[in-house]
Each structure stands twice: as structure tokens, then as C-alpha cells.
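Asks: curious how this folds, go ahead:
(one chain, ligands or ions: 1)
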Amino acid sequence: MRGQRVLLLVGFLLPGLLLSETAKILTLSLMGGSHFLLMDRISQILQDHGHNVTMFLQRGNLLLSGFKEGEKSYNVINWLLPEDFNKEFKKSFDFFMEETLGGRSTFEHYFNILEQLGLQCSHLLRRHDIMNSLKNENFDLVVVETFDYCPFLVAEKLGRPFVSFLPTSFGTVDFGPPSPLSYVPVFHSLLTDRMDFWGRVKNFLMFFNFCMRQRRIHSAFDKTIKEHFPEGSRPVLSHLLKKAELWFVNSDFAFEFARPLLPNTVYVGGLLAKPIKPVPQEFENFIAKFGDSGFVLVTLGSMVSVIQSQEVPKEMNAAFASLPQGVIWKYKASHWPKDIKLAANVKLVDWLPQNDLLGHPHIRLFVTHGGMNSVMEAIQHGVPMVGIPILGDQYENMLRVEARNFGVSIRLKQLKAETLALKMKQVMEDKRYKSAVVAASIIRRSHPLTPAQRLVGWIDHILQTGGAAHLKPHALQQPWYEQYLLDVLLFLLVATLGTAWLCGKLLGLVARWLCGSRKLKKA
Ligand SMILES: *[C@@H]1O[C@H](CO)[C@@H](O)[C@H](O)[C@H]1NC(C)=O
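Replies: Numbers count the residues shown, from 1 in each chain. Next up, the predicted model:
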């Protein structure tokens, strides 16, 4: 049975492997952090599959602290932003994080970051030497990533076909898929797919808010577009998004509420989940100390380690102290507040093999900020979660985790030692959480193709067919009023009302005429 399945799989993949010729692919990684990790993985996968991959890597933005960069099998073009750009960016970012952690963040703080990205983009596009040498390479395909919109502008400048990667779940960016508001919650609405009447009212109204935000976000790049594209051929970002041949989404229906997709949308959530390796001895020794009680893994993402807040680590430390489990916590030891005594069962580390630890047989719980990569890895290994979402899509991710019973989440503002301890114990003791996430893990693993196979399979497909025109519905070119048939509805409404009015008028005329003739007869 197993052998048969493998044969089937090989039969399915082999024609692709044989047909595909080496393509020259450019991947653009302008953001650091987890965004870089994903682009690194994509580049690796495409290179290992036989393509010739070059990554254009912008350094200086938030690269991961303590991350050991391995040997790369693909080519890298390193590009260092001038120091003052980095400083400005870091300033906006730190301010944004401070406001966020203090619960005071507004859209404007986020918009400031985007404006910085716009400035960085202008600077890059001004470097004609770099842009020309990239252009001369004549890449067959460009892989871009959404958050920063600069990669789209670079791809447009190079005039090459591109595929886009959405590092978050569906719905954070509108790239064209139909999203019926009756059961597809709008991003930021904090609704699930089961909406009651008022939920649907809220979702409907939030939709307009979402559209306005998208427009505003795109406007951060207006200056850049004006400066670098001549009038008449200036791209509109919302159209540029729809120009992507394929959209890869870093999500999966083991996690996301089922929703309609376009034929050129491929979900590849879990790309970072690699086969597990034994964890280093220092971790193994620590885990062994707690025997059958097991251990809890704590990481709050690549962003939070930047911030020095006293309250949060203090409360978390106190909560961990009350657990019989060991706690492995990704936290810079050098940043640890001096006047707080670290609990005896806690081990702080700068960097940890997250995937391998999540796959460790003794893991009991994952305390996470709810970033997409972390959630997908936890699902892959069937580990229940306690989430402390901090920004961006993390709230919506944790909402899905809660709706599906993979765990619970706590607001940062309500993070007190007792609450956290209570929630952690609840998720570890109530077996329903574990069994729900194990069930999701089976859904993830039983997909006929792995995320990496889907990635290379679809890229090969469009390389062989010369693009994805056959996968893009005409809707992508239709104006919204045509798509929603508003013009037709308006026409029918006018026609119906007009006819009714005419009929009424005619009846009135006839009635008056009849009355008139009767009166005449009487007279
Ligand atoms: C891959 O692409 C790079 C950059 O264009 C080029 O220098 C290199 O020769 C290519 N390698 C192969 C094996 O084609």
C-alpha cells in the first residue's frame, strides 16, 4: 500500500521533473526576521529542485538575533542599506513596538514603518548600477514577498514575470480571491467563520475599514512610484498585486477557516517544518531533569527580543516558577532584568532549534506570540498552544487557534502570573486541546503533496506553460461594480421601477378615462 502510494507520487512528480529545465530565478528578501527565514527556505527548495536561484538580500533590517546563517546552496547578492536608513527604520520600528507593547499603538505608527520602507525602496531603485545588473541577468521568474511592497516595484522595474508569497494567513492582503462577507471574516474583525446577524453586520462594516486601510498602506509607496516610473506607465499597487502569476499563501486549511480560492492560489503553510533532528545535548540534559513532566517551549518571535520591558518577563517568570515542567525560553540572557531572580526550572537561550524542540517527545506546551510560522510548526507536530499575540496577524492567528481548540490566548495587557499559570495548566491538563491539534496535524501531514512539492510543482507548471494566464479569472480585470453585478442590479432596478411607474401611470390614465366617460353618460 505504502509502496503503491510512493509510486503514484513519483508518477505524478516525475513528468514535471523531467520536463522542467533549469530556470534562472531571482528571490527578493528585503525584510529581515521571519520574512528572511521564509525566503531563505523558498530559495533553498527551488535551488535543490534544480533551478538556478539568486537571492537579492537586503541586510541591515532586523536580522534575527543569534541566528546562525548556514552555508547557502543558492547565490546571494548582498546589499547593505546606508546606515542612516537603518537607524531611521530601527527608530520607527522600536517606537512602534514600544507603543504596541504598551497597548497604545495606532495605525499611524504602523504607517510610519511603511513610509520608511517606501524611502528605502526609493533608495534601492535609484541605484541604477544594481537595477541594471539585475535586469541584464534576464531572470525567468522573480519571487517576491508581501509586507513590504518594494519587491513588487522591483519586479515591475525588471519587467519580469513574478510570483508572490504571502507570509501571513489569507485575508491580510486583497489580491483578488472572492471573500463572501457572510462567512469569510475580514482581517482585523476578530470574527470567526460562524457569524450571527450582528457578526455579519460588523464584518460588512469592517470590510470598508479594511479597504480604506489597504488604500492607505499602498499610499506609503506613492512617492516611490512617482519618482521611479514615468507618467503613463506608473503601476497601481492594487493592480500590481493581481499581476502575480501565482500567490503562495503561508497557511493551511488545517488551521484556516475553509474559504474560496482562485485557481492561481496555492497554500504552502508549513514550509519551514523540516524533518526533526535530535536536539543538541545541552537541551537534552535539561529536558531529562524533568522526566515525565516534560517541558514547555517559550518563544515570542523575532521581534520581541528587541524590546526591554520589565513587567512582561517578571510575570512570565513567576508563572513558569509554578510549573512542574521545565521551561526553555528564547530570551536574550544579556537583556534579562537584573533584579528578577530566574526561576529554577527555566533555561534562557538566545537561539533554539524550534522545529526539533516542537517535535521532541517530551514537549507538553508551546507558549507563542502566534506568528504564522510558529503556529504552523506547532500544528505540524501536534503541540497545544498558549498564545500571547502582540501585533499584526497574530491576534487573528490565535483566534483561529482558539476556535479550533488548539489552545487559548491571553492579551499582553492582561498578562499576570496567575492568569498565565492557570491557562498553561488548563491547556496541558485538558486532553481536548492535545487531541484537537493532533487531529490537525494529521490533516496537515495527509495532504498528498508536501508544501515544498506544491511550491516547486506549481512554479514548474507556470514556467512550462509560459505564465498563469489560464489560471487567472477575468474577474481580476473587472471593476468592482461589474464583479458584484451592481451595474446589472441597478439596471434591473431602474427597469422594474420604471415599468411599474409606467404601468401605474397608464392605469391611472385608463381609470380617469373610464370615470370620465361614465360621468359623461350620467350627464
Ligand atoms: C546561475 O546564475 C548565476 C547568476 O546569473 C550565474 O552567474 C551562474 O553561472 C549560473 N549557474 C549555472 C550553473 O547556470
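Asks: show me where the stretch 201-350 of the chain has helices.
Replies: Taking DSSP state H, counting those that start in this stretch, the helices of the stretch 201-350 of the chain run over residues 222-228, 237-243, 281-288, 301-304, 311-321.
Asks: now do the buried residues in the third one.
Replies: I take that to be helix 281-288. Neighbour counts using 16 or more other C-beta atoms under 10 Å place 283, 286, 287 of helix 281-288 among the buried residues. The way it works is simple: take the backbone N, C-alpha and C, and place the C-beta from them, glycine included.
Asks: state the mean pLDDT of that helix.
Replies: Confidence for helix 281-288, expressed as mean pLDDT, is 96.
Asks: counting neighbours, what do you get for the closest residue to residue 417 other than its chain neighbours?
Replies: Using C-beta to C-beta, 6 or more residues apart in numbering and skipping residues adjacent in sequence, the residue nearest residue 417 is residue 318, 3.6 Å away. Using other C-beta atoms under 10 Å, the number of residues around residue 318 comes to 16.
Asks: and the residue of the chain found nearest the ligand, what does it touch?
Replies: Nearest residue of the chain to the ligand, counting by C-beta to the nearest ligand atom: residue 52, 3.7 Å away. Residues near residue 52 by C-beta atoms under 8 Å, 6 or more residues apart in numbering: 22, 23, 24, 25, 75.
Asks: which one (most neighbours) among the residues you listed?
Replies: Busiest of those [other C-beta under 10 Å] is residue 25, holding 24 neighbours.
Asks: surely residue 143 meets residue 25?
Replies: Yes - using C-beta atoms under 8 Å, residue 143 is in contact with residue 25, at 6.4 Å.
Asks: for residue 95, grab phi and psi.
Replies: Dihedral angles of residue 95 (phi, psi; degrees, to the nearest 10) stand at phi -60, psi -50.
Asks: next one: the nearest residue to it once chain neighbours are set aside from residue 287, what distance?
Replies: Distance criterion C-beta to C-beta, 6+ apart; nearest residue to residue 95, sequence neighbours excluded, is residue 109 at 6.7 Å. Look at residue 109 and residue 287: by C-beta to C-beta, to the nearest Å, they are 40 Å apart.
Asks: now residue 469
Replies: Relative to residue 287, residue 469 is positioned 53 Å away (C-beta to C-beta).
Asks: which residues does residue 213 contact?
Replies: By C-beta under 8 Å, 6+ apart, residue 213 lies in contact with 107, 188.
Asks: which pLDDT value belongs to it?
Replies: 93.
Asks: where does the protein dip in pLDDT?
Replies: The chain contains residues with pLDDT under 70 at 1-20, 60-69, 302-309, 519-523.
Asks: which residues touch residue 384?
Replies: 365, 366, 378, 406, 407, 427, 428, 433, 434, 436, 437.
Asks: try it again at 10 Å.
Replies: By C-beta atoms under 10 Å, 6 or more residues apart in numbering, the residues touching residue 384 are 363-366, 378, 401, 405-408, 424, 426-428, 430-438.
Asks: and residue 99, how many neighbours does it have?
Replies: Using other C-beta under 10 Å, residue 99 has 16 neighbouring residues.
Asks: list the contacts for it?
Replies: Counting by C-beta under 10 Å, 6+ apart, residue 99 touches 105, 106, 108, 109, 110, 391.
Asks: just the buried ones from those residues?
Replies: The buried subset of those - by 16+ other C-beta under 10 Å - is 105, 109, 110, 391.
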